[in-house]
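In: The following comprises the amino acid sequence and a computationally predicted model.
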Amino acid sequence: MAANPKFLSYVDDHQADYIQRLSKAVSIASVSGNLSYVKDVEAMADFLMEQLADLGVTAEKRKIGTHSLEGKEVDLPPVIIGQIGNDPKKKTLLIYGHYDVQPALKEDGWLYPPFELTPDPNGSGKLYGRGSTDDKGPVMGWLNVLEAHKNLGIELPVNLKMCFEGMEENGSTNLDKFIESEKDKFFAGADCMCISDNYWLDTKTPCLTYGLRGINYYEIKVSGPDRDLHSGVFGGTVHEPMTDLISLMSKLVTPAGEILIPGIKELIAPVTDDERAKFEAIHFEMKDIHSAVGGDVTISDDTVKTLMGRMRNPSLSLHGIEGAFSAPGSKTVIPCSVKGKFSIRLVPNLTIKSVTDYVVKFVQDEFAKLGSKNKLDVYLTHGGEPWIADPNHYSYRAAHKATESVYGQTPDYTREGGSIPVTLDFANILGLNVLLLPVGRGDDGAHSTNEKIDTDNYIRGTKLLGAYMYELAATSD
Ligand SMILES: C[C@H](N)C(=O)N[C@@H](Cc1c[nH]cn1)C(=O)O
Ligand SMILES: [Zn+2]
Ligand SMILES: [Zn+2]
């Protein structure tokens, strides 16, 4: 069933209001996992609650426990659940999104203040701001759909249940327990699920995403002296934690991206002909990735190898060192304790546990070889398993038709290199098919400086989410 034409023209006529809604959302610096922003994350949850109430959604803010942040025990961001429509003749669609964002500071290299949605002054339609594409834009897209239907007095074609969290960027702590506890209560009766929290591969081809890499996030802590030291006074006399740490981190991965931890590569499933054909069918050119990263710095020049590097192979990234001197200037310090942070993206056959066993053993063995008297601790901070769905499910067929009607294009079928660990929990605990329906483009810069969403993607994305509901209502198993 095609989307109600009144809905589609309402969206066109209310672009300015929709941008205003996104602007308000972006202005709330809901950075999760950081003590300084706990209040902002709470404020973002309240903003969502107000919006949902205005739009006729019966919503609740649920506490899901506490966690330790910078040594202080604080509430986890609340989960927001909501429902609109309860017609037994209609399908029930469960949607998920997150209202937390990655950190952002103007001095990281942002053109504009990251928490002020700023339209490109050159008129390209790009809307810059932290969370614009990940994931406030898509979440606001759903609210826009609800607003259009409410103001037009049109019934939704499906019952909608929604679940929004504020900890996605930090491992979705306790959300799995919440889903389990509400399995036969709030989540009962859901027929399928849609998550809009990833991106197209390029800037012009919409896609449906049926897989995600998982993620294991690790810290290596090396500590020695009980205070920072003068490198002139003590350099050459003590084992330096940074020297130990850099040595360990340099042994994890090669500059060509090869993971050096024994055992991990061996777990990767061999590529089948069918799989290769799927990768070959994707619309993707090397210039797409070069423009998304801002330079020709790809490991391979081959499109299929590049796509596989992103979607079906594991990768190990070094993220940073806590405790290291990083300010401008030349401080001559020996940091007494440093934490190196890295993550491994997981693919089918690589489990959180198997990979962690290999990582911990390898780092401990390598540390022992250093002959250092410092203390080592290596541990997983959070993990999420990889996930693959059935792209032949009726929900995917509905999204395929919706994409064709909104974009006039056949979508690519992709797997996402990033991770949304809770996807697997929803799929397994609730036994649901999950569709990932991205709104933003491959060059949106999620997690990066100058994150943006294009106005066209935000507006057509709103139409896409709405059109998908209509197609879902009409598509049978
Ligand atoms: C794909 C999604 N929008 C996303 O950005 N997910 C994060 C999840 C995460 C896990 N640990 C920290 N963040 C990602 O893939 O990095
Ligand atoms: Zn996200
Ligand atoms: Zn993210």
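Out: That came through fine. Ligands and ions are numbered 1, 2, ... in the order given.
In: from here on, contacts and neighbour counts on C-alpha atoms
Out: Fine.
In: got the contact list for the closest residue to Pro206 other than its chain neighbours?
Out: What sits nearest to Pro206 in space, not counting adjacent residues and going by Cα to Cα, 6 or more residues apart in numbering, is Pro411, at 5.0 Å. The neighbours of Pro411, taking Cα atoms under 8 Å, 6 or more residues apart in numbering as the test, are 205-208, 400, 403-404.
In: Could you check how many residues crowd around the residue in the stretch 1-150 of the chain that ligand 1 sits nearest to?
Out: For the stretch 1-150 of the chain, the residue closest to ligand 1 is Asp134, as judged by Cα to the nearest ligand atom, at 5.4 Å. Neighbour count of Asp134, defined by other Cα atoms under 10 Å: 30.
In: can you pull out the helices in the stretch 251-400 of the chain?
Out: Assigned by DSSP state H, counting those that start in this stretch, the stretch 251-400 of the chain shows helices spanning 264-267, 273-281, 286-293, 303-311, 352-370, 394-407.
In: Mind pulling the model confidence for Ala3?
Out: For Ala3, the pLDDT comes out at 88.
In: quick one: the closest residue in space to it that isn't next to it in sequence and ligand 1, what's the gap?
Out: Closest residue to Ala3 apart from its sequence neighbours, by Cα to Cα, 6+ apart: Ala467 at 4.8 Å. According to Cα to the nearest ligand atom, to the nearest Å, Ala467 and ligand 1 sit 22 Å apart.
In: Would you confirm that Ala467 contacts Tyr407?
Out: No. The pair Ala467 / Tyr407 is not scored as a contact, 11.0 Å apart, by Cα atoms under 8 Å.
In: What segments of the stretch 301-450 of the chain are strands?
Out: Secondary structure of the stretch 301-450 of the chain (DSSP state E, counting those that start in this stretch): strands at 315-322, 333-334, 337-346, 375-384, 387-388, 412-416, 434-436.
In: ok, Leu376 - contacts?
Out: Leu376 neighbours (Cα under 8 Å, 6+ apart): 220-223, 364, 367.
In: Check those residues one by one and keep those near ligand 2.
Out: Contacts with ligand 2 are made by none of the contacts of Leu376, judged by Cα under 5 Å from the ion.
In: With respect to ligand 2, which of those residues is nearest?
Out: Ile220 (25.5 Å; Cα to the ion).
In: any idea whether the closest one is helix, strand or coil?
Out: Following DSSP: H, G, I helix; E, B strand; the rest coil, Ile220 is assigned to strand.
In: For it, which non-adjacent residue is closest in space?
Out: Excluding the flanking residues, the one nearest Ile220 by Cα to Cα, 6+ apart is Val378, at 4.4 Å.
In: same check, this time on Asn86
Out: Once flanking residues are discounted, Asn86 sits nearest to Asn159: 5.6 Å by Cα to Cα, 6+ apart.
In: OK, contacts around that neighbour?
Out: 83-87, 90-93.
In: filter the contacts of Leu376 to the buried ones?
Out: When the contacts of Leu376 are checked for burial by 16 or more other Cα atoms under 10 Å, the buried set is 220-223, 367.
In: before we move on, back to that, only whichever of the contacts of Pro411 are buried, select them in ChimeraX.
Out: Selection of the buried residues among the contacts of Pro411 in ChimeraX, burial being defined by 16+ other Cα under 10 Å:
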select :205,206,207,208,400,403
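In: biggest separation within the contacts of Pro411, which pair?
Out: Distance extremes for the contacts of Pro411: the farthest pair is Thr205 and His400 at 12.5 Å, using Cα to Cα.
In: who touches the residue nearest to Ser300 when sequence neighbours are not counted in this structure?
Out: Spatially, and ignoring its direct neighbours in sequence, Ser300 is nearest to Thr306 (6.2 Å; Cα to Cα, 6+ apart). By Cα under 8 Å, 6+ apart, the residues touching Thr306 are 298-300.
In: Next one, pLDDT for Thr306 please.
Out: 96.
In: And the nearest residue to Leu346 once chain neighbours are set aside, how close does it get to ligand 2?
Out: Spatial nearest neighbour of Leu346, chain neighbours left out: Gly214 (4.4 Å); criterion: Cα to Cα, 6+ apart. Applying Cα to the ion, to the nearest Å, the value for Gly214 to ligand 2 is 13 Å.
In: Kindly report the same for Asp135.
Out: For Asp135, the distance to ligand 2 (Cα to the ion) stands at 5 Å.
In: about what we covered before: can you tell me which of the contacts of Asn159 has the most neighbours?
Out: Neighbour counts for the contacts of Asn159, by other Cα under 10 Å, peak at Thr92, which reaches 27 neighbours.
In: Backbone dihedrals for that residue, please?
Out: phi -110, psi 120 (degrees, to the nearest 10).
In: Just confirm it contacts Leu156, I think it does.
Out: No. At 10.7 Å, Thr92 does not count as touching Leu156 under the criterion of Cα under 8 Å.
In: Fine by me, thanks again.
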